[in-house]
Every structure is written in C-alpha cells, then in structure tokens.
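J.: Here is my input; please provide its structure:
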Amino acid sequence: MSGANTAVYTAPIVLPSPSAVVVHATAGLLAASASLTLVSNITVTVSPSSATVQTDQRAPFAATLTNTADTAVSWFVNGVASGNPTVGQICQSGSSPCVAPTAPSSNSVDYLAPAAPPTVDPVTITAVSHADPSKIGSAIASVTGVSTPLSVSVSPFYAFVPHSTSALSTQFFVAVTGSSNTAVTWSVQSAVTGQGCGGAACGSVDTNGAFTAPTAAPSPNAISIIATSQADNTKSASATIAITSGPTIEVILPSSAMAGAIEGFPVSVRGLNFVPGSAGTGSTILLNGSARPTTCSTATISAIALTPADLQTAAAFTLQISNPGAPALLSNPVPFVVVPFDASEDVIALSPSQPTAVKKDITVVEATTAAVSVPLDVDFDGLLTNATCEVEGTPLTVTRPPSGTQTVSLCIHGNGLDPTMTYAFTGPGAAPGDIPVTASAIVGLFPNTIELDLQISSSTLPGVRTLFITSLNNDRASASGILEVK
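T.: As a prediction, this is how the structure comes out:
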C-alpha cells in the first residue's frame, strides 16, 4: 500500500498460466477490481539461424534464453511438435536411431532431415519457452538431395608411432564426402575388442586429429584412432596405430593366397622388437590366436610354414607376434587373406572403331602377395641349341615353317621356376593353346633353369608374345615381349 487510495502490484518471478490476473480493492461494502495481463521480457534465440542439411543427414541446433531461470524449451518443425518423417524430426542430441525429446529441455538437439526434400522448403525450426510459451525463437533449414552417400575416411590408414617422451604428436587427416557438414569428432580406443589399452593408456587425440602416443606400448600393440561424422554419428572411419617400443608387425610376405593351394609355403613376418630364437625360445607367431612352430632369425624377421590344409577354403586369418614373458607381450594383429579360387581371365579387346573399354576391373597382384617364398620372375632367356643356353636379348625370334610343325627349344632362368609350373605364350590375336609348350628342368646349368619346347606350326599367328608362368598354387608371373613369331 502506498496510500489509502493507491496500491503497487508486484508481478511474480515466474509467469503464471493463465497469464491474466485480477486485482481486487474493497472499502467497507464497496468493491472494485481490475484485470491485468502479465507479459515477460524473456528472449529466445536459436542458433544457427539457418542451415543447409542433406536428406537423411543431421544438423545441431541450440536455444539460448535470457531473463529467466527456466531455460527449457519445446521444439517444433513447421508447427509440428518434434517434427515428423515428412518435414524432418527433432532428435535428442547424438541419439541413433532418432529419439524425440520427451519433455521441454535445455539441451541442444539434432534436426534429422527427411529422406526426400519436403514440399515446403526450407522448413522452420522453432523453440518455444517453457516459462513463457508466447516467447519463441526460430531458425530455417534448407533440405537438399544427396548425390553420394556420406562417407568418412582417415589417413594414414596405418601408422607406426614411437612412444611418447615429449609433447610431439602424429597428425591424422579426415575426409568427409556426401555432406556439407564435414566436421568430425575424434576419439581413441584399443583396436582389439576386449583386449589392450583403455583410457589414457591408448594415448589421446585433439579436435584436429593430432595423436599423442602413450608412454608405453599396449598389449596387443594396436590402437584405433576414430573419426565420427557430426552430420551422421553412425558413419565413422578409423586408422590403426602400433607403438614402436613394443613388438610390432610392419609387413608379412606374402599377405594373401588363393584357396585350394597344393603346396605349402613359408610366411615371413617382418617388424620390430622380436625375440630371436626357435623351438619356443624366441618370439612365437600366433595364427588366429594359436601358436605355430616359429623361427625368429633376428629381432626383425620371424617365419612360420602354412600348409595346404590351412588354405583349402577362403578365409581371413590373423597373425600376431607373441614375445615370451609373464604375461606375454602381443604385437598388433595383421590379416592374412585366403581369397576364393578364381583362375578366370577376361580380354580387353580394342580396335580402331572401339578404342576404349569401360567397366573393366583389373586386379594387379603385387609380388608380396604371391603364395611362394620368393616372387616368381624371369631374369634371362635364350635359344637352347645342343644343350647350350644362348643368352640373348628379347624378343627371341622364331620363324614359322612353310608347312607342318617344328619344335623350337628355349631356356629361361628366374626365381622359383619349376618344371611343374604351367608355361603359356599369348599375344595379339593369339588364342589359348596357339603355341603348345612342354617344360622340363635343365640339369647342369644354373638352378631354376627351365627348358621350354615350343611347337611352332605354319598356322601359328605372327607377332610378339608374352610368357605367362603359373605355379601349382595359381600364382602368376609374366615375361613381356619375350618371343616374336615371324
């Protein structure tokens, strides 16, 4: 009361509902009243104020409120509470699949764009104050079609990193395609589920992808650095890190083989910090977790033998080095792949009228993926005359007889050559079997020297030929332009 005939009304801190109040005054038997409509000075701002979101992708939105202790809001898309699959949905931040907010909240949210651009585009995203529903903030989101699926890749894919003795870090890079939002969240964890490091023992990564290694190598010695898309947290990519202070596999030779191998062969594992020895005194190679008889000739090379029984069906094995100790120290796991048997061939036929070919898959097999102890190759060749190998330059020239068939003998030398292998010539326009070949060993000359007896007929097509060599395990090598038929 400020006087007998005046009064001061103080509004409540929280806006009541309904917001209209009535003030009554009485004097004896006389009474009067006045109606007041209460309003607040709350402001609601949604950020960002606009965004472009590709179909089926997400964009984060947040609401900022002033002049109120109650910062909770409810979200709407084109006037629909939490939206719908047609106009897009409001999701609790990070929920996958999308979970709509169950009540007004102060948390930021994700807008999940619909599978197809809506009829009304852009859409309006609205935040309504819980304290005063008359106070709203809005943003717009333009939904665009996606030309390519969202994908994430990290490089380098493998890294060998020294343990941390300073603040030095290793930089990783990320590429996000299929989304205008290329931001990612970086994290680290053990690369072997249920084993290895955890927390700080895995090292750390900053928001820019700079990885700081732990002070010691974990066991198994494998750490994953992961980049997760902020546009779609179901999409991520990772790289694998091995710390070079622990047992580390850098390469295996070979790294693959074809199923159904007839002959066994050694697999060499090369890396760092192995324990030299054999018969259980040094490091052991584990194949799918089972120890195999291992020879470690040095601290960087170990080997086991794979048998035909290991290679009968397509599979993916895991190789690891186990260093002796209690507990044993395990290296990073690396894959050895047995691919399905497929010796089929295709021909890319080009001509002046069709000088290009499309939709042709070409598989190039590296020397390290051949299922032999050394890569196959041919290092010299020549004509074989009276048991003498006349080493010559290529191509070796043979002339077709006027009629009938004649035998021409060649000699070749190279790594891993054996008469049990298949030797075949081909060339421009030459059909398989155009030149029948019989192989045999040459005794008394260099090891791995092979005699090839060629049946050349008057109908043999002229041209320069390539020699293809196929082992019993279907590994293949070639000697290009080794022979010319005239």
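J.: Am I right that residue 200 falls within a helix?
T.: Yes. Under DSSP: H, G, I helix; E, B strand; the rest coil, residue 200 falls within a helix.
J.: wait, it sits on residue 213?
T.: No. Using CB atoms under 8 Å, residue 200 makes no contact with residue 213, being 11.2 Å away. C-beta coordinates here come from the backbone N, C-alpha and C atoms, glycine included.
J.: okay, the two: which has more neighbours?
T.: Regarding residue 200 and residue 213, a neighbour count based on other CB atoms under 10 Å identifies residue 213 as having more, with 23 against 10.
J.: Walk me through which strands the helix or strand harbouring residue 110 pairs with, and which way each runs.
T.: Taking DSSP states H and E as the definition, residue 110 sits inside strand 109-112. Using DSSP bridges, strand 109-112 pairs in its sheet with strand 58-66 (antiparallel), strand 88-92 (antiparallel).
J.: Which SSE is immediately downstream of it?
T.: strand 123-129.
J.: That next one packs against which elements?
T.: strand 43-47, strand 58-66, strand 73-77, strand 136-144 (3 or more CB pairs under 8 Å, 6 or more residues apart in numbering; DSSP states H and E).
J.: Identify all contacting residues around whichever helix or strand comes after the last one.
T.: Using DSSP H and E, the helix or strand that follows strand 136-144 towards the C-terminus is strand 151-155. Residues from elsewhere that reach strand 151-155 (CB atoms under 8 Å, 6 or more residues apart in numbering): 172-178, 184, 209, 225-229, 235-239.
J.: Strands - which of those land there?
T.: Among the contacts of strand 151-155, the ones falling in strands (DSSP state E) are 173-177, 184, 225-229, 236-239.
J.: dump the residue contacts of residue 160.
T.: 241-242, 244, 248, 250, 272 are the contacts of residue 160 under CB under 8 Å, 6+ apart.
J.: Can you flag the buried ones in these?
T.: When those are checked for burial by 16 or more other CB atoms under 10 Å, the buried set is 241-242, 244, 248, 250, 272.
J.: Among those residues, which are located in strands?
T.: Using DSSP E, these in strands are 241-242, 248, 250, 272.
J.: Name the nearest of these relative to residue 465.
T.: residue 250 (39.0 Å; CB to CB).
J.: Identify the residue spatially nearest to the closest one, adjacent ones excluded.
T.: The shortest distance from residue 250 to any non-neighbouring residue, by CB to CB, 6 or more residues apart in numbering, is to residue 271 (4.4 Å).
J.: so what's the one you found bridging to?
T.: So, taking DSSP bridges as the rule, residue 271 has residue 249 as bridge partners.
J.: Need the pLDDT of it.
T.: As predicted, residue 271 sits at a pLDDT of 94.
J.: ok, now residue 247?
T.: 96.
J.: What about it, how many residues nearby?
T.: By other CB under 10 Å, 28 other residues sit near residue 247.
J.: picking that back up, biggest separation within the ones in strands among the contacts of strand 151-155, which pair?
T.: Taking CB to CB, no two of those sit farther apart than 177 and 225, at 19.3 Å.
J.: okay, the two: which has more neighbours?
T.: Using other CB under 10 Å as the criterion, residue 177 and residue 225 rank with residue 225 on top: 26 against 12.
J.: Confirm for me that that one is in contact with residue 184.
T.: No. Using CB under 8 Å, residue 225 is not in contact with residue 184; the gap is 11.2 Å.
J.: Which residue comes closest to residue 410 once chain neighbours are left out?
T.: residue 452 (4.6 Å).
J.: Secondary structure element holding that neighbour?
T.: Following DSSP H and E, one finds residue 452 within strand 449-457.
J.: same question for the following helix or strand past that strand, mean pLDDT?
T.: Counting by DSSP H and E, the next helix or strand C-terminal to strand 449-457 is strand 463-470. The average pLDDT for strand 463-470 rounds to 90.
J.: and what of stretch 104-114?
T.: Mean predicted confidence for stretch 104-114 is 94.
J.: now what about it, what contacts it?
T.: By CB under 8 Å, 6+ apart, stretch 104-114 touches 51, 53-63, 71-75, 77, 83, 85-95, 98, 101, 125, 130, 141, 143.
J.: make it 6 Å
T.: 53, 55, 57-62, 71-75, 85-86, 88-91, 93, 98, 125, 130, 141, 143 (CB atoms under 6 Å, 6 or more residues apart in numbering).
J.: again with stretch 12-31
T.: 9, 32-38, 40, 132.
J.: Quick check: of the residues you listed, which has the highest neighbour count?
T.: For the contacts of stretch 12-31, neighbours tallied by other CB under 10 Å; top is residue 132, 22 neighbours.
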